[in-house]
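# got a predicted structure plus its sequence, pasted below:
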Amino acid sequence: MGLLKLENVHVALEDGTPIVKGVDLEVGLNEVHAVMGPNGSGKSTLSYAIMGHPAYEVTEGKILLDGEDVTEMAADERAQRGLFLAFQYPHAIPGVTVTSFLRSAINAVRKARNGGVEDPMPIPAFRTELLAQMDRLKVSRELASRYINDGFSGGEKKRVEILQMAMLKPRMAVLDETDSGLDIDALRVVAGGVKELVGPNMGALVITHYQRILDYITPDYVHVFVDGRIVESGGPELAKQLEADGYDPFIEQTPIPATVGSET
Ligand SMILES: Nc1ncnc2c1ncn2[C@@H]1O[C@H](COP(=O)(O)OP(=O)(O)OP(=O)(O)O)[C@@H](O)[C@H]1O
Ligand SMILES: [Mg+2]
């Protein structure tokens, strides 16, 4: 059974504009799927819809998590079931520190898993785990007491997204361009963090523009996403082909009139 299953998913913006136009995808535990596609093709829209962002409406099709239909569920209910999204553009929450944000997120998931009864992680255990993960992911300790994403550099935001993932230990992680804006060392650290978590307890959907992160996290499948649809799927070699040839071979070309070029 697929961990995350998308069945003919269509997504529209609040004004009704269709963006995602029928996506079928199945990601299992211990699998990494990469999604690559041109700017504006709808990759982030798809990831928001998977997470249950209220501004993105699933107009047709279904989203299943562990076989359960979550299409109509709120984002927090999906998170409690083990779904995680690392945002392409993480938002700042002035007034909420990284530490308190992580504690609330973890405790909300623990509560849900404990039948709705509060089961907060003891503070010493939380602190030990947080410091260990920060060291492992090379997140500066100074960030822990700052307001989340408030004034963070692009790379710091991305690292903190992965820190959240490492702390929450989701079953299914969607990473929307987590590699963009990372320096070379950070890319290695972040990719290593993802790789360590993917296994019998987690699957991942990695949205990216670059082959580079896929050198560290070898995908089992690569999907080419154009104009709201998966137009091609293959193995890791497909990402290399994209890097060499771009998306042109996958974008429907306006037919060239038969007369053009016939004079030569
Ligand atoms: N909230 C919104 N309001 C208006 N337009 C939106 C909104 N969200 C998405 N869109 C539009 O939907 C289309 C798809 O956007 P999306 O962010 O999903 O693309 P993407 O594939 O993630 O692109 P990129 O590679 O640049 O991140 C774009 O034309 C975008 O302008
Ligand atoms: Mg995007």
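Yes, it's here. Treat the numbers as computed from the prediction; the structure is a model and nothing was measured. Ligands and ions are numbered 1, 2, ... in the order given.
# tell me the pLDDT at Arg113?
On the pLDDT scale, Arg113 is placed at 88.
# isn't it up against Gln80?
Yes. With contact defined as Cβ atoms under 8 Å, Arg113 reaches Gln80; the gap is 7.2 Å. For the C-beta atoms, the positions are set from N, CA and C on the backbone; glycine is no exception.
# dihedrals phi and psi, the residue of the stretch 1-150 of the chain found nearest ligand 2?
In the stretch 1-150 of the chain, the residue that lies nearest ligand 2 is Ser44 (3.1 Å; Cβ to the ion). Ser44 has phi and psi values of phi -70, psi -40 when expressed as degrees, to the nearest 10.
# my read: it touches Asp176, true?
Yes. Proximity of Ser44 to Asp176 meets the contact threshold set by Cβ under 8 Å, at 5.5 Å.
# more neighbours: the two, which one.
More neighbours surround Asp176 than the other of Ser44 and Asp176, with 24 against 19 (other Cβ atoms under 10 Å).
# test my guess that that one contacts His53.
No. Between Asp176 and His53 there is no contact under Cβ under 8 Å: 11.5 Å.
# identify the contacts common to Ser44 and Asp176.
88, 207 (Cβ atoms under 8 Å, 6 or more residues apart in numbering).
# coming back round to it: who's more crowded, Arg113 and Gln80?
Gln80 (16 against 13).
# do you know how far the nearest residue to that one once chain neighbours are set aside is from Asp119?
Nearest residue to Gln80 in three dimensions, chain neighbours excluded: Ala112, at 3.6 Å (Cβ to Cβ, 6 or more residues apart in numbering). The spacing between Ala112 and Asp119, counted by Cβ to Cβ, to the nearest Å, is 10 Å.
# the more surrounded of these two?
More crowded of Ala112 and Asp119, by other Cβ under 10 Å: Ala112, with 17 against 13.
# what helix or strand is that one on?
Using DSSP states H and E, Ala112 falls within helix 98-113.
# residue contacts, the nearest residue to Glu161 once chain neighbours are set aside?
Among residues not flanking Glu161 along the chain, Ala86 sits closest, at 3.9 Å (Cβ to Cβ, 6+ apart). Applying Cβ under 8 Å, 6+ apart to Ala86 gives the contacts 158, 161-162, 164-165, 173-176, 178.
# residues touching the residue of the stretch 1-150 of the chain closest to ligand 2, list them.
88, 176-177, 207.
# what's the spacing between it and Met167?
Distance of Ser44 to Met167, computed by Cβ to Cβ: 23 Å.
# where along this protein do the strands fall?
Counting by DSSP state E, one finds strands in the chain at the ranges 4-12, 18-27, 32-36, 57-65, 68-69, 83-86, 172-176, 203-207, 221-226, 229-234.
# so Phe152 sits right up against Ser140, yeah?
No. Using Cβ under 8 Å, Phe152 and Ser140 do not qualify as a contacting pair, with a distance of 10.2 Å.
# measure how buried Ala34 is and give me the count.
Around Ala34 there are 25 residues (other Cβ under 10 Å).
# residues near the residue lying closest to it once chain neighbours are set aside, how many?
Nearest-residue entry for Ala34: Pro219, 4.0 Å, with adjacent residues in sequence omitted and distances by Cβ to Cβ, 6+ apart. When neighbours are counted by other Cβ under 10 Å, Pro219 registers 23.
# quick one, what contacts Pro219?
Contacts of Pro219 by Cβ under 8 Å, 6+ apart are 32-34, 206, 235-236, 239.
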